[in-house]
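Undergrad: sequence unknown, structure follows:
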């Protein structure tokens, strides 16, 4: 059996998405900036996709801009907001994806801007009182806090954060890469100025994403050299990627509740099976809090063992895909910055299992049985 439990890194492409993309890989190949019929046909597909994404997020098509993915969307929002609004102070947390944290570090250095990181508790929760104090003391701040953490599953309340930022007239950006397509996002109601999304996190293609930029908080462009995306992003559009993104988001939003119930049941089942099998199992962050975390993520802390360093490798031998942290840091020898920030024990093996609509209970049983064999404990019969 082959089991893929690394869906927070990327999800399998939905067959319906492939079918939607194929005509724009073959038959409809024109450049969308060309004025002839070959180009206008493709231009229409991009604008239909933009309208679809906007409708699904309850916003205007004029506020949706397609990008190469979540990282570009984060970079654009953060870099261009600082330049456009002459931001004087940056506020974030030590748990952000590197697309945000590395960008803010670079901006703080280049622009000589003060940069504050909110403290987090042992579960990875931020202190809202500390955030308000920083906003009170630092006018014209930019706040960047993710909606859902890709490693430990913690959720931030965007409505509460948006109200605080509005109260102190701060620019508010949120990396929503892990929650777009998995949680309802009503951009008419949320007081957020920009968000980021990536198609491959909700069964769409890699290499394409989008950013939302609120109409009354327009930004200067990040990539220049063309008038594409209403002068916000130069370069010929990834047409079939954009079509695939819109189709994938349409499917994800339309089937969201059914997928949530299915995946939540799998996460609950795996948590229960692990607790029955291991005497000293723990769950990092809020990922073990099934009712208040990303239902797609379970970050498991296994008991100390001399074989812990080889756990992911041994799982891979058994054809089980999981992760020790963010996939974007997989080439680094440095451990997870998220787990370090919450003080996770280095003596324990910390593994992120992340689920999708395609996973099954049979797969969970297989994974738990292999984990039990690796740790030489008896797996509880089911």
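TA: Cool, the structure landed. Keep in mind it's a predicted model, so treat the numbers as computed, not measured.

Undergrad: Now do the residue nearest to residue 145 when sequence neighbours are not counted: how many residues are near it, please.
TA: Spatial nearest neighbour of residue 145, chain neighbours left out: residue 156 (5.4 Å); criterion: Cβ to Cβ, 6 or more residues apart in numbering. All C-beta atoms are positioned from the backbone trio N, CA, C, and that covers glycine. As a burial measure, residue 156 scores 19 neighbours (other Cβ atoms under 10 Å).

Undergrad: now residue 134
TA: 18.

Undergrad: how about it, what does it touch?
TA: By Cβ atoms under 8 Å, 6 or more residues apart in numbering, residue 134 lies in contact with 89, 91, 116, 118, 141.

Undergrad: Repeat that for residue 93.
TA: Listed by Cβ under 8 Å, 6+ apart, the contact partners of residue 93 are 117-118, 120, 126, 145-146.

Undergrad: before we move on, what about residue 36?
TA: Residue 36 makes contacts with residue 30, as judged by Cβ under 8 Å, 6+ apart.

Undergrad: Could you measure from it over to residue 240?
TA: 19 Å (Cβ to Cβ, to the nearest Å).

Undergrad: Over to residue 227?
TA: Distance, residue 227 to residue 240, by Cβ to Cβ: 21 Å.

Undergrad: out of those two, which sits in the busier spot?
TA: Remark: of residue 227 and residue 240, residue 240 carries more neighbours, 22 against 12, as counted by other Cβ under 10 Å.

Undergrad: longest single helix anywhere in the chain?
TA: Using DSSP state H to define each element, the chain has its longest helix at helix 256-277.

Undergrad: pLDDT score assigned to the residue nearest to residue 145?
TA: With respect to pLDDT, residue 156 scores 98.

Undergrad: so it touches residue 131, yeah?
TA: No - Residue 156 lies out of contact with residue 131 (Cβ atoms under 8 Å); the separation is 10.3 Å.

Undergrad: shaky segments in this protein?
TA: 325-334, 379-382 (pLDDT under 70).

Undergrad: can you do 80?
TA: 325-335, 378-382 (pLDDT under 80).

Undergrad: Could you chop it up by domain?
TA: When the chain is parsed with automatic domain parsing, its domains come out as 3-11+256-374, 15-254.

Undergrad: ok, now which ones touch residue 370?
TA: 315, 318, 320.

Undergrad: so residue 136 makes contact with residue 167?
TA: No - assessed by Cβ under 8 Å, residue 136 is found out of contact with residue 167, at 9.4 Å.

Undergrad: Looking at the contacts of residue 370, which are in helices?
TA: Using DSSP H, the contacts of residue 370 in helices are residue 315.

Undergrad: Of the contacts of residue 370, which is the most crowded?
TA: Among those, residue 320 has the most neighbours (other Cβ under 10 Å), with 22 neighbours.

Undergrad: what pairs with it across the strands?
TA: Beta-bridge partners recorded for residue 320 (DSSP bridges): residue 3.

Undergrad: all numbers from here: first residue = 32
TA: Sure, I'll start numbering at 32, so the last one becomes residue 351.

Undergrad: quick one: it and residue 36 touch, right?
TA: Yes - the pair formed by residue 351 and residue 36 meets the contact definition of Cβ under 8 Å, at 6.8 Å.

Undergrad: so what sits against both of those two?
TA: In contact with both residue 351 and residue 36: residue 398, using Cβ under 8 Å, 6+ apart.

Undergrad: For the protein, which segments count as strands?
TA: 34-35, 95-98, 120-123, 145-148, 172-175, 202-206, 225-229, 240-244, 313-314, 328-333, 351-352, 380-385 (DSSP state E).

Undergrad: could I get those strands as CSV with distance to residue 396?
TA: What follows is the strands of the chain, written out as CSV (distance: least, Cβ to Cβ, whole Å):
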stretch, distance to residue 396
strand 34-35, 10
strand 95-98, 39
strand 120-123, 40
strand 145-148, 41
strand 172-175, 40
strand 202-206, 34
strand 225-229, 31
strand 240-244, 35
strand 313-314, 19
strand 328-333, 15
strand 351-352, 12
strand 380-385, 13
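
Undergrad: most packed of the ones you listed?
TA: Sort these by mean neighbour count, taking mean count of other Cβ atoms under 10 Å, and strand 225-229 sits at the top with a mean of 29.

Undergrad: And the contacts of that one?
TA: Taking Cβ under 8 Å, 6+ apart as the rule, strand 225-229 contacts 98, 100-101, 104-105, 108, 112, 130, 178, 203-208, 211-212, 216, 218, 239-245, 248, 250, 280.

Undergrad: can you map out the helices along the stretch 82-231 of the chain?
TA: In the stretch 82-231 of the chain, the segments counted as helices under DSSP state H, counting those that start in this stretch are 101-116, 129-142, 159-168, 189-198.

Undergrad: residues of the last one that come out buried?
TA: Right, the one you point to is helix 189-198. Using 16 or more other Cβ atoms under 10 Å as the test for burial, helix 189-198 gives 189, 192-193, 195-196.

Undergrad: do the longest one as well
TA: The neighbour-count criterion (16+ other Cβ under 10 Å) identifies 101-113, 116 as the buried residues of helix 101-116.

Undergrad: Redo the helices of the stretch 82-231 of the chain as CSV? Include distance to residue 314.
TA: What follows is the helices of the stretch 82-231 of the chain, written out as CSV (distance: least, Cβ to Cβ, whole Å):
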stretch, distance to residue 314
helix 101-116, 25
helix 129-142, 23
helix 159-168, 23
helix 189-198, 24
